[in-house]
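Engineer: got a sequence here, can you build the structure:
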Amino acid sequence: MAKLKKRHTNKTVDEFIRKANAIGLSDDYLFLSTIERYEMQVRILETLKKTIEEEDTLVTKEYVKGRENLYTHPAITEYNKTTDSANKTVQTLDNLMKSQTAMIRKKDNPDPLMEILGDKDD
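Structural biologist: Reported below is the predicted structural model:
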């Protein structure tokens, strides 16, 4: 199997890639597309964070008759949404890793009772 290369400075991504290479997920489409999605989410979060740090956290919206209302900056809401999505993506990556590891263990240490009963996943 091909080895994935580190593509991002994010330590979480690097750790997932290291583990994926070790357990044979480096060619798995679901893993690859999920890690790419997570990398994109991290980039979006970095951009939103920069915007939040550089701009006022409150913005005004002007309505009919010139009335203004204060609201939190839209970047804050998007940052929170993206953080939730990134956390779910990390959970998906973790589940893929656990599933692959369990499959490897099952192949390396088959259950004798299941072999006797004829329950094989191969």
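Engineer: mean confidence for the helix ranked longest in the chain?
Structural biologist: In the chain, taking DSSP state H as the definition, the longest helix is helix 74-108. Across helix 74-108, the average pLDDT comes to 91.
Engineer: ok, now stretch 17-26?
Structural biologist: The model assigns stretch 17-26 a mean pLDDT of 89.
Engineer: centre of the chain to it, how far?
Structural biologist: 15 Å (CA atoms, centre = their mean, to the nearest Å).
Engineer: what's the separation between the residue of the chain positioned farthest from its centre and residue 47?
Structural biologist: In the chain, the residue that sits farthest from the middle, by CA atoms, centre = their mean, is residue 65; the gap is 45.2 Å. Distance of residue 65 to residue 47, given as CB to CB, to the nearest Å: 35 Å. The way it works is simple: take the backbone N, C-alpha and C, and place the C-beta from them, glycine included.
Engineer: mind listing what's buried in the longest helix of the chain?
Structural biologist: 75-76, 78-79, 82, 86, 89-90, 92-93, 96-97, 100 (16 or more other CB atoms under 10 Å).
Engineer: which strands or helices does that helix pack on?
Structural biologist: helix 11-23, helix 29-54 (3 or more CB pairs under 8 Å, 6 or more residues apart in numbering; DSSP states H and E).
Engineer: in CSV: the ones you listed, plus distance to residue 104.
Structural biologist: Formatted as CSV, these follow (distance: least, CB to CB, whole Å):
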stretch, distance to residue 104
helix 11-23, 6
helix 29-54, 14
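Engineer: those helices into CSV, with extra columns for distance to residue 107 and mean neighbour count?
Structural biologist: Formatted as CSV, these follow (distance: least, CB to CB, whole Å; neighbours: other CB atoms under 10 Å):
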stretch, distance to residue 107, mean neighbour count
helix 11-23, 12, 16
helix 29-54, 18, 15
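Engineer: and those, which one's lowest on average pLDDT?
Structural biologist: helix 11-23 - the lowest mean pLDDT of the helices and strands packed on helix 74-108, at a mean of 87.
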